[in-house]
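please work out how this folds:
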Amino acid sequence: MRLPETIERLYLDFDGFFASVEQQADPKLRGRPVGVVPSLETTRTCVIACSREAKALGVSNVMAVDEAINICPDLVLVPQKPDLYRRAHNTLLAEIETVIPIDTVKSIDELTCKLDDRAIANPEALAAAIKANLAESVGRFITCSVGFAANRQLAKIAGKQNKPDGVTIWHPHMMPGPLLDVPLGSIPGIGQRMKRKLAGLGIADTPRLYAMQAKHMRKVWGNVTGERLWYALHGYDIQAPETERGMFGHGRVLPPDHRTLDAAYEVARLLLTKAARRLRRNRYYCAGIWVWLSIKDGVWQRQRSLPVVRDDKAVLDALREVWDAARASLPRRTKVYQVGVTLTNISPASERQMDMLLDDEGERRKWEAITSAMDTINYRYHRTAVSLGPWNPPGDHVGGKISFTRIPTWEDFL
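Numbers count the residues shown, from 1 in each chain. The predicted model follows:
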């Protein structure tokens, strides 16, 4: 494993991405505390993202709307516009590529680049060039923070030290000095649960974490992730292996007029259809479905096994059976505040095998052909022109909601 002697990576993180895109698109929002929310039809949700003005007043991401308004009465709530964020993301990436090639897009608001000799010699000039190009070509209200370090993980941590609109450079000869001042919970891979576990072992800050042995961290994490983190924090050039996809799913907070079991079913049906389309676009099959409902007393959930399928009829039939179970087990007047559907047990299309105990190959191939024809028509006309059952989504963006980890494609908005 190689230990770099100089900075080799840039990590770029857009500041308050969704909120800053809203401010760039709408001059009336500039300079005001802005909170992006899933919908304006209910306050039983959270602020997905907030502007720097809102953060300065104490509002934070994933804060309950009621709490955010109590902290900041002047908070301007803006409903999410996923397609706007997708287009902004693609535009920003194109502009950055005119300055430096992008190595990996980590999320809708984060990316990393490998540095060439010129960038290594003058990282400040590179960061300034990126920022100037974005301000001139896209707009000055979408800013970014940039970190430079020997590896991607350290560059990410560095980039978060001077937000918003900052530049932080951690040369190997400086380490581990600046890293030791970073709060333990600000290190990627250390959530609240791991933080509590470490505290129970007497490791309450970053210096103590840094002093651990690699094998000890592997034991604490229970897998190789802990050991990889040790090498990353100690400046080694280490890359996590590509993760394999495990499922396709969508969830949605329901507007007040869709909080009955019957209305929630219609939303779930559309979300599941969207998930099945993504499954097919990515060339997968599934063998299970998981449905969960957020209700007053907690969460109702149910899983169901399927043959290896990918057509709309198969997954919608399974959803109907699960919903029948929900109607049978829940009071008729149950309020459903949020619904989620997930296709599980997925496998690549190239590995698909029919179940020898099921005599349904002809039926499956028929419905796969029908579904494929519907996909072709919908993609051709850039809208849902054909579907199994009515297509009347409440509000907008069914299946195309904003996400920090998944970047929607144009097909998500059909």
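
was I right about residue 279 contacting residue 248?
Yes. With contact defined as CB atoms under 8 Å, residue 279 reaches residue 248; the gap is 4.8 Å. Every C-beta, even on glycine, is put in place using the N, C-alpha and C of the backbone.

what kind of secondary structure is residue 129 in?
helix (DSSP: H, G, I helix; E, B strand; the rest coil).

need the per-residue pLDDT for it.
Looking at residue 129, its pLDDT stands at 97.

going forward can the numbers begin at 326, since that is how I track them
Sure thing, new numbering starts at 326, so read that last one as residue 454.

I'd like the distance between it and residue 413.
20 Å (CB to CB, to the nearest Å).

ok, those two, which is more surrounded?
Between residue 454 and residue 413, counting by other CB atoms under 10 Å, residue 413 is the more crowded of the two (24 against 16).

quick check, the more buried one in a strand?
No. For residue 413, which was evaluated using three-state DSSP, the result is helix, with no strand membership.

quick one: buried residues of stretch 524-534?
528, 531, 534 (16 or more other CB atoms under 10 Å).

what does stretch 375-395 give?
In stretch 375-395, counting by 16+ other CB under 10 Å, buried: 375-380, 382, 384, 386, 388, 390, 393-394.

likewise stretch 451-464?
Residues of stretch 451-464 classed as buried under the neighbour-count rule (16+ other CB under 10 Å) are 451, 452, 454, 455, 456, 459, 463, 464.

and for stretch 637-647?
For stretch 637-647, the neighbour count (16+ other CB under 10 Å) marks 637, 638, 639, 640, 641, 642, 643, 644, 647 as buried.

go ahead and confirm residue 485 touches residue 470.
Yes. With contact defined as CB under 8 Å, residue 485 reaches residue 470; the gap is 6.8 Å.

shared neighbours, the two?
Here residue 485 and residue 470 have residue 338 as joint contacts, going by CB atoms under 8 Å, 6 or more residues apart in numbering.

and the two most separated of the buried residues of stretch 375-395?
Of all pairs drawn from those, the one with the longest distance (CB to CB) is 377 and 390, at 18.9 Å.

including secondary structure, distance to residue 346 and pLDDT, could the buried residues of stretch 375-395 go into JSON lines?
What follows is the buried residues of stretch 375-395, written out as JSON lines (DSSP: H, G, I helix; E, B strand; the rest coil; distance: CB to CB, whole Å; pLDDT from 0 to 100):
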{"residue": "375", "secondary structure": "strand", "distance to residue 346": "13", "pLDDT": "93"}
{"residue": "376", "secondary structure": "coil", "distance to residue 346": "10", "pLDDT": "95"}
{"residue": "377", "secondary structure": "helix", "distance to residue 346": "13", "pLDDT": "94"}
{"residue": "378", "secondary structure": "helix", "distance to residue 346": "15", "pLDDT": "95"}
{"residue": "379", "secondary structure": "helix", "distance to residue 346": "14", "pLDDT": "95"}
{"residue": "380", "secondary structure": "helix", "distance to residue 346": "16", "pLDDT": "95"}
{"residue": "382", "secondary structure": "coil", "distance to residue 346": "20", "pLDDT": "94"}
{"residue": "384", "secondary structure": "coil", "distance to residue 346": "17", "pLDDT": "94"}
{"residue": "386", "secondary structure": "coil", "distance to residue 346": "15", "pLDDT": "89"}
{"residue": "388", "secondary structure": "strand", "distance to residue 346": "19", "pLDDT": "91"}
{"residue": "390", "secondary structure": "helix", "distance to residue 346": "20", "pLDDT": "92"}
{"residue": "393", "secondary structure": "helix", "distance to residue 346": "19", "pLDDT": "94"}
{"residue": "394", "secondary structure": "helix", "distance to residue 346": "22", "pLDDT": "94"}
